[in-house]
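Engineer: Give me a 3D structure for the following:
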Amino acid sequence: MESRELLIIDDDESIHKVLVDYLCSRGFSVYSAFNGREGLDLLRRHPSIHLVITDVRIPGADGLEVLTQIKQRYPQMQVVLMTAFSDKNLAIRAFRQGADDFLEKPFHLDDLGEVLERSVSRQHLRSLSRRWRQLLEHLPLGLVICSPDGMVEGVTPAAQLLLNSSLEDIVGRPLWEVPGLEAAKTFQPQDTPGTQSEVIEVSICGRWIVVQPVETGLGSDIVSTFFVVSDITEEKALQSELSNLSKEFEARVEERTQNLITELEFSQQLLDTAGVLIAVLDGEGKLVRLNKFAEEISRFNRREAEHVFSHFVQHPESPLSRIFDPRSTEELAGLIADLPTRDGSMRIISWSTRNFVSRQGMKGRLIVGIDVTEQKQLESMLKSYNVQLENMVESRSLELRKKDAQLIHTARLASLGEIAAGITHEMKQPLNVISITADLIKLLHKNRTLTDDLLLSNLEKIRRTVDRMATTMNHLRGFTHIDSANFKPFRIQEAVDGALSIIGQQIRLDDIDISLEMPDQLPKIQGELHQIEQVLVNLMQNARDAIVGKMQAMEATGTMDGAPKRLAVRGGARNNGREVYVEVEDTGSGVDAAIRERIFEPFFTTKEADRGTGLGLSISMNIVQSHGGAVELESTPGQGSTFRVIFPAAPSE
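Structural biologist: Sure, this is the predicted structure:
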């Protein structure tokens, strides 16, 4: 709606009275100022004023100076100059400085009425031009305007962006000379009818662009040719992807065209060439326009479609009510909802809506729908394939976990076999105590010196020895049991004590000193106790073998010089208690750099064939990593090695 407010600047009060009465009778709101400064101040305080009528000779600042300042500050403001001097040069100066009209005093009120009518017309045309430019700038599809001979006369910002060229490279040259549009030469007017192309596809900067001429239907009155430019890169990519999945499906994502509603004669042709559903509703919900694609996809004609759309509005639980409600101020983008068709089937549509106001002030709602039925069906197939693949991966992972558990169990049994000598010694000692105590009871009974106190004391000794053996056997049984997947919190001291109870005696039989440094109250770790015991047994066994091997080599070369035979087990916490570690240090032969790079590889070993399989450290590393931990190695050839296993503290800690 055009503004009806204006300002009169004149130092003659009688002029003000006559003009104000006349203008108010014609529906204008009039502001009065008696000098130039006052008039400029009123304009600043009332931005709704659209027209200024000023005398040339006014105090403070003359009319030409006021005109200059107004045009600098408010370029769209209309200014009409009045003067009692019949000077054509003055009128020429005024028009050069931007005056919109000129009144020579004295003038008739009818002359003023004609000036006002011209002002209202100019304001209306400027408003229409501004809205048209805004519509073109926001049009999602590009539009190139050419002369009948193919010379580019104009281009929308969207088309310039798609063509990836500056205005200088586009406007003013033939369409087929625009960079990347050499194939557009097929649009050049031909002598033979029907030889021109209807559409071309070109690749510009890695994007696929479609250029298509639009027939305006103006016949011999045509003064311009219009070309729609759209991006079909995603369509090309989708077609390529679908062809790899199945030869039976060919995705044809048609050109997505969105055109604005306009009063120009070619607007309906633009809408009908769009490969998307386009509908326009007025403020009362009446269907103003429906393009051909919408009729083809829904099988409804315009009248039937209007009835169906109004039915959607009456059911607010339906997502389509948000789209077709003409009173809604919500603007949507990419809302997926089904559209029922005449034959009862459903098409999956991606909906977008925009609200607009026509130049007559009538409200409307633009609805655009992109048919994504085939795309969604293929997405569903892909999802099904992904579920099948995930099931296969999960099944295979379960098999691998079972095999991994069996491998760890096998390695544990192998370790148990290697330490059998220590276990035998551990069992012989309590059996010897039981045997001696039983013989003592028999001797006392034979000599008739067996009292009740002596009998109870010796029986208690046998009981304690049996309990000790039972504890050792239960621990060995837990060590050989296949691990459970249920991790529990425990203290690392328990794993160290368990490992020493299994292999400690065997290490001592080789005349190796064992030192244990485990602080009290270390944070707990989360894991499987017997698996951690297996890791520590393996590290202690490797440390023992390294010390024994070094001693044997020194004995063979006659270089025995009282070298230490010591194995140290230390524990601690670091990183502010967030990590717990155990390290096993030996005085063995150490590990050189070449072996250190491969020491954790499966089946790699430096031992004799009857002393190891090469799986111990590999499995130990696997166990530690499955507990979220790591293994560190520090070694000096000839002096010894330190293996350090690190675990995260349990969350409860």
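
Engineer: For Arg566, the count of nearby residues, please.
Structural biologist: 16 (other C-beta atoms under 10 Å). Heads up, the C-betas are built off the backbone N, CA and C, glycines and all.

Engineer: actually Val288, sorry about that
Structural biologist: Using other C-beta under 10 Å, Val288 is surrounded by 16 other residues.

Engineer: Leaving out sequence neighbours, find the closest residue to it.
Structural biologist: Val280 (4.4 Å; C-beta to C-beta, 6 or more residues apart in numbering).

Engineer: pretty sure that neighbour is touching Arg289, no?
Structural biologist: Yes. With contacts counted by C-beta atoms under 8 Å, Val280 reaches Arg289, the gap being 4.3 Å.

Engineer: rewinding a little: now do the same contact list for the residue nearest to Val288.
Structural biologist: Residues in contact with Val280 (C-beta atoms under 8 Å, 6 or more residues apart in numbering) are Ile261, Leu287, Val288, Arg289, Leu290, Gly364, Arg365, Leu366, Ile367.

Engineer: any idea of the pLDDT on the first one?
Structural biologist: Looking at Ile261, its pLDDT stands at 43.

Engineer: do the one 4 residues further on as well
Structural biologist: Confidence at Glu265, expressed as pLDDT, is 51.

Engineer: Please name the bridge partners of the residue nearest to Val288.
Structural biologist: Arg289, Leu366 (DSSP bridges).

Engineer: Quick check: closest non-adjacent residue to Lys550.
Structural biologist: Per C-beta to C-beta, 6+ apart, closest to Lys550 is Ser589, 4.3 Å.

Engineer: check contacts around the one you found.
Structural biologist: Residues near Ser589 by C-beta under 8 Å, 6+ apart: Ala546, Gly549, Lys550, Ala553, Pro637, Gly638, Gly640.

Engineer: State the pair within these that is farthest apart.
Structural biologist: Ala553 and Gly640 (13.9 Å; C-beta to C-beta).

Engineer: Who has more neighbours out of the two?
Structural biologist: Legend: neighbour count by other C-beta under 10 Å for Ala553 and Gly640, higher for Gly640 (23 against 11).

Engineer: buried sites along stretch 229-241?
Structural biologist: Buried residues in stretch 229-241, counting neighbours by 16 or more other C-beta atoms under 10 Å, are found at Val229, Ser230, Asp231, Ile232, Glu235, Lys236, Leu238.

Engineer: Including pLDDT and secondary structure, could those residues go into TSV?
Structural biologist: Formatted as TSV, these follow (pLDDT from 0 to 100; DSSP: H, G, I helix; E, B strand; the rest coil):
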residue	pLDDT	secondary structure
Val229	83	strand
Ser230	82	strand
Asp231	80	strand
Ile232	79	coil
Glu235	76	helix
Lys236	75	helix
Leu238	76	helix
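
Engineer: Which pair in those has the greatest spatial separation?
Structural biologist: Farthest pair in the buried residues of stretch 229-241 (C-beta to C-beta) is Val229 and Leu238. Separation: 20.0 Å.

Engineer: how far does stretch 30-42 sit from the chain's center?
Structural biologist: How far stretch 30-42 lies from its chain's middle: 57 Å, per C-alpha atoms, centre = their mean, to the nearest Å.

Engineer: For the most centrally placed residue in the chain, which residues are in contact?
Structural biologist: Geometric centre of the chain, nearest residue: Gly334, 16.7 Å, by C-alpha atoms, centre = their mean. Listed by C-beta under 8 Å, 6+ apart, the contact set of Gly334 reads Ser350, Trp351, Ser352.

Engineer: now, among those, which is nearest to Pro564?
Structural biologist: The closest of the contacts of Gly334 to Pro564 turns out to be Ser350 (C-beta to C-beta; 77.7 Å).

Engineer: ok, back up a step: would you quantify the distance from the residue nearest to Lys550 to Arg644?
Structural biologist: Counting by C-beta to C-beta, to the nearest Å, the gap from Ser589 to Arg644 is 19 Å.

Engineer: Heading C-terminal from the host helix or strand of the residue nearest to the centre of the chain, find the next helix or strand.
Structural biologist: Using DSSP states H and E, the element containing Gly334 is strand 333-340. Sequence order places strand 346-357 as the next helix or strand after strand 333-340, per DSSP H and E.

Engineer: who's in contact with that following strand?
Structural biologist: Outside strand 346-357, the residues within contact range by C-beta under 8 Å, 6+ apart are 260-261, 277, 297-298, 323, 328-341, 363-373, 376.

Engineer: from the residues you listed, which would you call buried?
Structural biologist: The neighbour-count criterion (16+ other C-beta under 10 Å) marks 260-261, 277, 297-298, 323, 332, 335, 337, 339, 364-372 among those as buried.

Engineer: Count the residues that sit near Gln639.
Structural biologist: Neighbours of Gln639 under the rule other C-beta under 10 Å: 13.

Engineer: Pretty sure it sits against Thr587.
Structural biologist: Yes. Between Gln639 and Thr587 there is a contact under C-beta under 8 Å: 7.2 Å.

Engineer: So what touches stretch 641-653?
Structural biologist: 489, 492, 523-527, 532, 535-536, 539, 542-543, 546, 573-574, 577-586, 588, 590-591, 620, 624, 627-635.

Engineer: redo that, cut-off 6 Å
Structural biologist: Contact with stretch 641-653 is made by 489, 523-526, 539, 578-586, 590-591, 624, 627-635, as judged by C-beta atoms under 6 Å, 6 or more residues apart in numbering.

Engineer: Mind listing what's buried along stretch 52-60?
Structural biologist: Neighbour counts over stretch 52-60 (16+ other C-beta under 10 Å) mark Val52, Ile53, Thr54, Asp55, Val56, Ile58, Gly60 as buried.

Engineer: Determine how far the last residue of that stretch lies from the first.
Structural biologist: End-to-end distance of stretch 52-60 (C-alpha to C-alpha, to the nearest Å): 17 Å.

Engineer: What pLDDT does the model give Lys524?
Structural biologist: 91.

Engineer: Tell me the spacing between it and Val152.
Structural biologist: Relative to Val152, and taking C-beta to C-beta, Lys524 is found at 76 Å.

Engineer: quick revisit: wait, which of the contacts of Ser589 is closest to Asn391?
Structural biologist: Relative to Asn391, the closest of the contacts of Ser589 is Ala546; by C-beta to C-beta it sits at 46.6 Å.

Engineer: Could you count how many residues lie near that closest one?
Structural biologist: Ala546 has 22 neighbours, counted by other C-beta under 10 Å.

Engineer: Likewise for Ser203?
Structural biologist: Ser203 has 11 neighbours, counted by other C-beta under 10 Å.

Engineer: now the strands for the stretch 551-653 of the chain?
Structural biologist: 566-574, 579-586, 630-636, 640-648 (DSSP state E, counting those that start in this stretch).

Engineer: so how far is the second one off the chain centroid?
Structural biologist: Offset of strand 579-586 from its chain centre (C-alpha atoms, centre = their mean): 42 Å.

Engineer: do the same with the shortest one
Structural biologist: Computed by C-alpha atoms, centre = their mean, the separation of strand 630-636 from the middle of its chain amounts to 40 Å.

Engineer: name the helices or strands packed onto that strand?
Structural biologist: Counting contacts by 3 or more C-beta pairs under 6 Å, 6 or more residues apart in numbering; DSSP states H and E, strand 630-636 packs against strand 640-648.

Engineer: neighbouring strands for the strand it packs on, and are they parallel or not?
Structural biologist: Paired strands of strand 640-648, with direction, are strand 579-586 (antiparallel), strand 630-636 (antiparallel) (DSSP bridges).

Engineer: Present those strands as JSON lines; the columns should include mean neighbour count, distance to Thr83 and mean pLDDT.
Structural biologist: Shown next, in JSON lines, are the strands paired with strand 640-648 (neighbours: other C-beta atoms under 10 Å; distance: least, C-beta to C-beta, whole Å; pLDDT from 0 to 100):
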{"stretch": "strand 579-586", "mean neighbour count": "22", "distance to Thr83": "93", "mean pLDDT": "93"}
{"stretch": "strand 630-636", "mean neighbour count": "15", "distance to Thr83": "94", "mean pLDDT": "88"}
